[in-house]
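Enquirer: Model the following, please.
(one chain, ligands or ions: 3)
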Amino acid sequence: MENKRRLFLKGACATAVGAVGASKLMAAQLDTKITDAAVEINYALIHDETKCIGCEACSDACRETNKVPEGVSRLDIVRTGPFGEYPEQYFHFSRKSCQQCDGTPCVNVCPTGAAYKDPKTGIVSVNSWKCVGCLYCIAACPYQIRFINPITKAADKCDFCKETRLKEGKSPACVSACPTKALIFGNLKDPGSEIVKVLKTTPNYRSKTELGTRPKVFRIAAKDGEIKL
Ligand code: SF4
Ligand code: SF4
Ligand code: SF4
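Expert: Residues are numbered from 1 along each chain as shown. Ligands and ions are numbered 1, 2, ... in the order given. The predicted model follows:
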């Protein structure tokens, strides 16, 4: 039944592509119907790069919890370096995952509504049965973190463990697995939350804000000179 629905949507989508033109659909429009101002809870994440040791416990936990197949990934830790002179060399680690944008190019180009922002939590998610694998969202994401899941054949990415952990009242798997507490997860609408307190008191930056995506993965920079207020 699910496959039939997806095949129908796929046919409809192919017609739409012909009519509209791929280049037009790939142009990311940044005005979403649901913005974070309207959501009930507004989840966000901090990656404190000063505490990250690159152990990848977060990405391993993510893969296990969300049954992410080999060859694709919802979360990667990108290592740069070494910096400095031997024997004082060191590396920097940054997180590559969905930025949970407020302005969502991926949602805006999706022809079937498979990519959507959850009005309750503000989490950008994928409704896999609606996905026809057209790749528009993958092309539109400026962070290049979406992929087609080889098992479900649908677009996939980090959803802050919405289905696997949050609905059981648990933190995302990556946050729980981190041995150095480099990840802080919470609700931006709760002024008493740890995430709000840290964001108010610690210089931080976000990636590619110039594109208007208003990402909700904040970073505390490990490198001098990378702090953007
Ligand atoms: S990072 Fe990419 S997939 Fe995630 S919300 Fe932003 S545009 Fe969409
Ligand atoms: S929040 Fe969940 S889905 Fe996202 S990277 Fe962490 S473990 Fe993976
Ligand atoms: S588990 Fe924590 S310390 Fe290890 S790579 Fe992930 S964020 Fe960094």
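
Enquirer: and stretch 159-177, which residues are buried?
Expert: 159-162, 164-166, 171-177 (16 or more other CB atoms under 10 Å). Just so you know, the C-beta spots here come from the backbone N, C-alpha and C atoms, and that holds for glycine as well.

Enquirer: Please export the alpha-carbon coordinates of it; CSV is fine.
Expert: In CSV, the C-alpha atoms belonging to stretch 159-177 read as follows (Å, rounded to 0.1, in the frame of the first residue of the first chain):
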residue,chain,number,x,y,z
ASP,A,159,15.9,14.7,13.3
PHE,A,160,17.3,15.1,16.8
CYS,A,161,16.1,11.5,17.4
LYS,A,162,12.5,12.7,17.3
GLU,A,163,11.0,9.3,16.8
THR,A,164,13.6,7.1,18.5
ARG,A,165,14.4,9.0,21.7
LEU,A,166,12.6,12.3,22.2
LYS,A,167,9.1,10.8,22.3
GLU,A,168,10.3,8.6,25.2
GLY,A,169,11.5,11.7,27.0
LYS,A,170,15.2,10.9,26.4
SER,A,171,17.9,13.2,25.0
PRO,A,172,19.2,12.6,21.4
ALA,A,173,21.5,9.6,21.3
CYS,A,174,24.6,11.6,20.4
VAL,A,175,24.1,13.9,23.4
SER,A,176,23.8,11.0,25.8
ALA,A,177,26.8,9.2,24.3
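
Enquirer: any residue of that stretch up close to ligand 2?
Expert: Yes - using CB under 6 Å from any ligand atom, stretch 159-177 reaches ligand 2 at 159, 160, 161, 172, 173, 174.

Enquirer: Show the contacting residues for the residue positioned nearest the centre of the chain.
Expert: For the chain, residue 98 is the residue whose C-alpha lies nearest the centre (CA atoms, centre = their mean; 1.4 Å). If you count contacts by CB atoms under 8 Å, 6 or more residues apart in numbering, residue 98 has them with 74, 124, 143, 145, 146, 157, 158, 159, 217.

Enquirer: And the next helix or strand past the worst-scoring helix or strand of the chain on mean pLDDT?
Expert: Least confident element among the helices and strands of the chain, by mean pLDDT, DSSP states H and E: helix 22-26 (a mean of 42). Remark: after helix 22-26, the chain's next helix or strand is strand 43-48, criterion DSSP states H and E.
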